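*Asks:* kindly return the folded structure for what I paste below:
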Amino acid sequence: MRKDIHPPYAPVVFRDKAAGFAFLTRSTATSPKTVEWEDGNTYPVIDVEVSSASHPFYTGTARVMDTAGRVERFERRFGKR
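*Replies:* Below you'll find the model as predicted:
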């Protein structure tokens, strides 16, 4: 590997505010915001909208979609066959 072409790989906290879930991992992503972690150290924090704690696939909760309205709109637009 060539030297000095790769971004720094450092510990970062990813935080899902909707679920109140955060985890510490290593990443090349950075942020000017910081948070004090459980071990007493300060790390950059990146806020995410969806994580494994709030994603419907992992939590088992499904969102109800308006499929009846879509079918009716399709039938009005193209007619029944």
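
*Asks:* ok, the closest residue to residue 27 other than its chain neighbours - contacts?
*Replies:* Once flanking residues are discounted, residue 27 sits nearest to residue 12: 4.5 Å by Cβ to Cβ, 6 or more residues apart in numbering. All C-beta spots, glycine's among them, are computed from the backbone N, C-alpha and C. Residue 12 makes contacts with 24, 25, 26, 27, 29, 30, 31, 43, 44, 45, 46, as judged by Cβ atoms under 8 Å, 6 or more residues apart in numbering.

*Asks:* so the first one lies in a strand, does it not?
*Replies:* Yes - looking at residue 24 with DSSP: H, G, I helix; E, B strand; the rest coil, it is inside a strand.

*Asks:* how near is the residue most central in space within the chain to residue 41?
*Replies:* Note on the chain: the residue nearest the mean C-alpha position is residue 50, at 3.1 Å, using Cα atoms, centre = their mean. Counting by Cβ to Cβ, to the nearest Å, the gap from residue 50 to residue 41 is 26 Å.

*Asks:* how about residue 30?
*Replies:* 16 Å.

*Asks:* residue 20 too?
*Replies:* 21 Å.
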